[in-house]
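1. just to be clear, the model below is a prediction. Sequence and coordinates:
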Amino acid sequence: MAKDGSPKPHHLETKRKRLTWILAVSGLCILFYVLGAWQSTSPTPSNQSEMWEKVNCQEKTSEKGNSDTPTSSDVSSSLSSPLDFESHHQLDWNTSEEVQAFPPCDVSLTEYTPCQDPHRGRKFDRSMLKYRERHCPEKEQLLRCLIPAPPNYKAPFKWPQSRDYSWYANIPHKHLSVEKANQNWIQYEGDRFKFPGGGTMFPRGADAYIDDINDLIPLTNGNIRTAIDTGCGVASWGAYLLKRNIIAMSFAPRDTHEAQVWFALERGVPAMLGVMGSQRLPYPARAFDMAHCSRCLIPWFQYDGLYLIEVDRVLRPGGYWILSGPPIRWKKYWRGWERTQEDLKQEQDSIEDVAKRLCWKKVVEKGDLAIWQKPINHIECIKSREIHHTPPMCKSDNADAGWYKDMETCISRLPEVSNKDEVAGGALKKWPERAFSVPPRISSGSVPGISVEKFQEDNDVWRDRVAHYKHVIGSIGQGQYRNIMDMNAYLGGFAAALSKYPVWVMNVVPANLDPDTLGVIFERGFIGTYHDWCEAFSTYPRTYDLIHADSVISMYQDRCDITYILLELDRILRPEGTVVFRDVVETLVKVKSIADAMRWESRIIDHESGPFNPQKILVAVKTYWTAEAKDS
């Protein structure tokens, strides 16, 4: 100190320099925060995150190893320091009254499927199975309670063991094990069910049945990747296709065969509630490489061939339709089917006629199997309308429309081609190359606003995000998660980034979204569906392990009460399952308040690019609880 008590000059100069440095760094932090907010509608560039680190605006994380699986301490440390935004971010929301704890619903609702409720369905027309289609509750009928798991509910078996076993306590229905006992669909063994892989038309098991198909058309060379199974039973056909790298969308109605779709999902096999009734299936045109019906009891030739016309719509150019069961091989089975030979012959002749009018070529009929193939383009088919006047080619039709759209008795036009050898819409790569190759719908420019560059950038974004998720939500590749749903799938980048893991993804594209990208997802070799999240999803309770919601809540908050969207997620999520929300802070604060009221444990954490990105991540885990057992 100087004699007058003032600081020495060199100390003062040091303090001045330090203050100048602090102000400069703070200014840079503010600048980068503003830039981050300005770019909030797009993924934050990785170099921007690096710049923040260089000016020391954020703490550097410790280096992780190359292992896909974080330790439990990694996961707990990621969630142990949640970011507190509640006191700083408030927003008016489309929600009902102030959030309070939601009570459990009555134990009678453990199997509640809101839009396929049998009691509601009975009020609708039985013709064309309209009563089994989607009929959702009115607003005043929506439940404000949590669907309980049944008493003694257990975490499902992990894949691949789940393909063959499920716990009886989770789906306490023995009906199929009795009714289908001689067909080996399902067997009841003490505290569990066993799935031997049998089926009505494959007594030697689904594996042998698929081998029979492979002897007739090639299933293992990568050309066939996506399939649809109509009237799927417990989805053993789809279950055994998976080891051949073919993924099937299996569906069946909620009917007298209790819980068949539920069993499929409990096994870790893709499936959803659905029926071929009066409305189109909720999939785009040219989606599936192969369609299958094994004694599915669909009247293919009725209503002017309406149902085969719908199969034609969703089948890719050159795709196959496989039929086993009535009326195929009727000369051998007609007595067991309790039908006359004349009736069965007429049915097969009618199916053959419809297929011919659709311009399909019959590939083979051998044993119990008959297989047809759709043409690769419509050059010859259009010419043939001079001979076959019905069904006509659709005139002004959005062939991809599949949400509450009535079926039509006209052929959905394939994209135009320049010669008879060209595949309409473009040829696809073989699987697995197909997953990351540019889909023809994008390379041809038929999806507005989606360029090849955008597609490739999206793949890069999701590769980084999934790498981040490994350290945030625990093990992805070790069996903790099997059934995954992406509520806003966009181009399917999340599913593609997960394709190396033993999981499958239900890619949901919000109905009426512009641009419609579900066709792109199918061209990549993944499956999905259209859906409106203001309504319940077509599945049983507790059927998904992990749900991903990228900006979904912001998307719907002006359309419907987001409380009911979250209650629906609680319905379809398994106990101890996880939901990952990506959205702006204000949205996540409100979502967290509802999640807390639903008995979820949730944390808001930073975006993978760092704390200055205005988009954050909410990780919510559904806690384990069950309905109370009734006194006997």
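-> On my side now, so go ahead. Model, not experiment: these values are computed from the prediction. Residues are numbered from 1 along each chain as shown.
2. what ranges do the helices span in the stretch 301-450 of the chain?
-> Here the stretch 301-450 of the chain has its helices, by DSSP state H, counting those that start in this stretch, at 302-314, 330-333, 341-357, 379-384, 440-443.
3. of the ones you listed, which approaches residue 581 most closely?
-> Taking CB to CB, helix 440-443 is the member of those nearest to residue 581, at 27.5 Å. Every residue, glycine included, has its C-beta placed from N, CA and C.
4. buried stuff in the closest one?
-> 440, 441, 442 (16 or more other CB atoms under 10 Å).
5. using CSV, list the CA coordinates for that helix.
-> Extracted in CSV, the C-alpha atoms of helix 440-443 (Å, rounded to 0.1, in the frame of the first residue of the first chain):
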residue,chain,number,x,y,z
PRO,A,440,-36.2,-41.8,-54.3
ARG,A,441,-39.0,-39.5,-53.0
ILE,A,442,-36.3,-37.0,-52.0
SER,A,443,-33.9,-37.5,-54.9
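6. by contact count, what packs against the following helix or strand past that helix?
-> Note on helix 440-443: by DSSP states H and E, the next helix or strand toward the C-terminus is helix 452-472. On a contact count with 3 or more CB pairs under 8 Å, 6 or more residues apart in numbering; DSSP states H and E, helix 452-472 meets helix 72-80, helix 440-443, helix 493-497.
7. hey, least reliable of these by pLDDT?
-> Least confident of the helices and strands packed on helix 452-472, judged by mean pLDDT, is helix 72-80 with a mean of 39.
8. can you name the residues in contact with the helix or strand following that helix?
-> Next in sequence after helix 72-80, counting helices and strands by DSSP H and E, comes helix 118-121. Outside of helix 118-121, the residues within contact range by CB atoms under 8 Å, 6 or more residues apart in numbering are 131, 132, 135, 137, 254.
9. possible to save the residues you listed as JSON lines with pLDDT?
-> Below are the contacts of helix 118-121 laid out as JSON lines (pLDDT from 0 to 100):
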{"residue": "131", "pLDDT": "95"}
{"residue": "132", "pLDDT": "94"}
{"residue": "135", "pLDDT": "97"}
{"residue": "137", "pLDDT": "97"}
{"residue": "254", "pLDDT": "90"}
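10. the stretch 451-600 of the chain: helices as residue ranges?
-> 452-472, 493-497, 518-523, 552-556, 562-572, 585-597.
11. most tightly surrounded among those helices?
-> helix 518-523 (a mean of 27; mean count of other CB atoms under 10 Å).
12. which elements pack onto that one?
-> Here helix 518-523 touches helix 440-443, strand 504-510, strand 528-531, going by 3+ CB pairs under 8 Å, 6+ apart.
13. one more time with 6 Å, if that's ok
-> helix 440-443 (3 or more CB pairs under 6 Å, 6 or more residues apart in numbering; DSSP states H and E).
14. quick revisit: need the buried ones from the contacts of helix 118-121 selected in ChimeraX.
-> Burial among these is assessed by 16+ other CB under 10 Å; the matching ChimeraX selection reads:
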select :131,132,135,254
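15. okay, now the sheet partners of the longest strand seen in the chain, with direction.
-> Identified as the longest strand of the chain according to DSSP state E is strand 573-584. If you go by DSSP bridges, strand 573-584 pairs up with strand 544-550 (parallel), strand 615-622 (antiparallel).
16. which one of those lies closest to residue 110?
-> Here strand 615-622 is closest among the strands paired with strand 573-584 (CB to CB), at 15.0 Å.
17. could the strands paired with strand 573-584 go into a markdown table alongside distance to residue 573, mean neighbour count and mean pLDDT?
-> What follows is these, written out as a markdown table (distance: least, CB to CB, whole Å; neighbours: other CB atoms under 10 Å; pLDDT from 0 to 100):
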| stretch | distance to residue 573 | mean neighbour count | mean pLDDT |
| --- | --- | --- | --- |
| strand 544-550 | 6 | 23 | 98 |
| strand 615-622 | 5 | 23 | 97 |
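18. which among those is found nearest to residue 150?
-> strand 615-622 (15.4 Å).
19. quick one on the thing from earlier: and the helices of the stretch 301-450 of the chain: which comes nearest residue 232?
-> helix 302-314 (14.4 Å).
20. now find how far off-centre that closest one is within its chain.
-> Chain-centre distance of helix 302-314: 24 Å, with CA atoms, centre = their mean, to the nearest Å.
21. same deal with stretch 535-553?
-> Stretch 535-553 sits 8 Å away from the centroid of its parent chain (CA atoms, centre = their mean).
22. hmm, who's touching that stretch?
-> If you take CB atoms under 6 Å, 6 or more residues apart in numbering as the criterion, stretch 535-553 is touched by 113-115, 136, 147, 262, 265, 272-273, 481-488, 494, 562, 568-569, 571-574, 577-583, 587, 591.
23. now do stretch 285-293
-> 224-230, 311, 313-316, 319-323, 399-400, 412, 425, 522.
24. just give me the residue right at the centre of the chain.
-> Nearest to the mean C-alpha position of the chain, by CA atoms, centre = their mean, lies residue 506 at 1.2 Å.
25. ok, it to residue 622 distance?
-> Per CB to CB, to the nearest Å, residue 506 is found 18 Å from residue 622.
26. what do you get for residue 394?
-> Going from residue 394 to residue 622 by CB to CB gives 44 Å.
27. low pLDDT regions in this structure?
-> For the chain, the stretches with pLDDT under 70 are 1-98, 177-183, 256-258, 630-632.
28. can you list the neighbours in contact with stretch 275-283?
-> With contacts defined as CB under 6 Å, 6+ apart, stretch 275-283 is touched by 128-130, 132-133, 253, 298, 307, 314, 402-403, 405-407, 529-530.
29. looking at the contacts of helix 118-121, which one is closest to residue 555?
-> residue 137 (22.0 Å).
30. where's that closest one, which helix or strand?
-> Secondary structure (DSSP H and E) places residue 137 outside all helices and strands.
31. gap between the residue nearest to it when sequence neighbours are not counted and residue 616?
-> Using CB to CB, 6 or more residues apart in numbering and skipping the chain neighbours, the partner closest in space to residue 137 is residue 114 (5.6 Å). Between residue 114 and residue 616 the computed distance is 30 Å (CB to CB).
32. ditto for residue 394
-> Residue 394 is 46 Å from residue 616, by CB to CB.
33. tell me who's in contact with residue 253.
-> Applying CB under 6 Å, 6+ apart, the residues near residue 253 are 132, 275.
34. hmm, 8 Å instead?
-> Contacts of residue 253 (CB under 8 Å, 6+ apart): 116, 129, 132, 273, 274, 275.
35. then residue 579?
-> For residue 579, the contact set (CB under 8 Å, 6+ apart) comprises 546-549, 569, 573, 595, 600, 618-622.
36. could you do residue 269 as well?
-> Residue 269 sits next to 163, 235, 238, 239, 242, 250 when contact means CB under 8 Å, 6+ apart.
37. between these, which sits nearest residue 612?
-> residue 242 (42.2 Å).
38. give the phi and psi angles for that closest one, as a check.
-> phi -60, psi -40 (degrees, to the nearest 10).
39. now it: how far from residue 583?
-> Distance of residue 242 to residue 583, computed by CB to CB: 33 Å.
40. ok, now residue 430?
-> From residue 430 to residue 583 the distance is 37 Å (CB to CB).
41. quick revisit: write the ChimeraX selection for whichever of the contacts of stretch 275-283 are buried.
-> Filtering these down to the buried ones (16+ other CB under 10 Å) takes a single ChimeraX command:
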select :128,129,132,133,253,298,307,314,402,403,405,407,529,530
